[in-house]
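**Q** kindly return the folded structure for what I paste below:
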Amino acid sequence: MNLVKADYRKHRSRILPFILRAQQRNNDQFANQIDSALLECRAFLFLCDGGFYVLQPTIRNGVVWVNIMFAQSLGKCVLSTHMSEIHQLTRQVGGRGIELFTAVDRLSGFLRRQGFSKDSSNDRVQHWIKEL
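**A** Modelled structure (predicted):
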């Protein structure tokens, strides 16, 4: 597995600026939510070649899911490179599905090819889900 769970507090000074820049670029207020979830250990940081992920176990209708709270690529798309590992991590925690919210329209085709379906969307943010 190329995803490595890391201590957010040790990497916060390098990771948080990426989250803040994405917040500004997407005109959406999510950085504090992600930062708090990581600091309170409700979400977890995973480092990988080419970027990092923030994954958060959640409960949907009494079933464990994993929310990809944030994914940062530093070059190649980390989602395409590590999606199978995210599936494996989801199953390891008893998860039955994966969800993510994104304002990045160009991810739509990739997510559909990966078996995700659009659950909902508003003016900017789309909610995608995949049952495992």
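
**Q** shaky segments in this structure?
**A** Under the criterion pLDDT under 70, the flagged ranges of the chain are 1, 76-77, 121.

**Q** what's the longest helix in the protein?
**A** helix 8-26 (DSSP state H).

**Q** tell me what that helix is packed against?
**A** Here helix 8-26 touches helix 31-39, strand 44-48, strand 51-60, strand 63-73, going by 3 or more C-beta pairs under 8 Å, 6 or more residues apart in numbering; DSSP states H and E. Where you see a C-beta, it was placed from the backbone N, CA and C, and this is true even at glycine.

**Q** go again with 7 Å.
**A** If contacts are counted by 3 or more C-beta pairs under 7 Å, 6 or more residues apart in numbering; DSSP states H and E, helix 8-26 sits against helix 31-39, strand 44-48.

**Q** tell me the most buried of those?
**A** Looking across these with neighbours counted as mean count of other C-beta atoms under 10 Å, the highest average goes to strand 44-48: a mean of 20.

**Q** what's the angle between that one and strand 51-60?
**A** Comparing the axes of strand 44-48 and strand 51-60 via axes from the mean of the first three to the mean of the last three C-alpha atoms, to 10 degrees yields an angle of 150 degrees.

**Q** could I have the CA atoms of stretch 10-24 written out in PDB?
**A** Only the C-alpha atoms of stretch 10-24 are listed here, as PDB (Å, rounded to 0.1, in the frame of the first residue of the first chain):
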ATOM      1  CA  LYS A  10       3.500  17.000  12.500                       C
ATOM      2  CA  HIS A  11       2.600  17.900   8.900                       C
ATOM      3  CA  ARG A  12       0.000  20.600   9.500                       C
ATOM      4  CA  SER A  13       2.300  23.500   8.600                       C
ATOM      5  CA  ARG A  14       2.900  22.000   5.200                       C
ATOM      6  CA  ILE A  15      -0.600  20.500   4.600                       C
ATOM      7  CA  LEU A  16      -2.900  23.300   5.800                       C
ATOM      8  CA  PRO A  17      -1.700  25.800   3.100                       C
ATOM      9  CA  PHE A  18      -2.900  23.500   0.300                       C
ATOM     10  CA  ILE A  19      -6.300  23.200   1.900                       C
ATOM     11  CA  LEU A  20      -6.500  27.000   2.400                       C
ATOM     12  CA  ARG A  21      -5.600  27.600  -1.200                       C
ATOM     13  CA  ALA A  22      -8.200  25.100  -2.500                       C
ATOM     14  CA  GLN A  23     -10.800  26.800  -0.300                       C
ATOM     15  CA  GLN A  24     -10.000  30.200  -1.800                       C
END
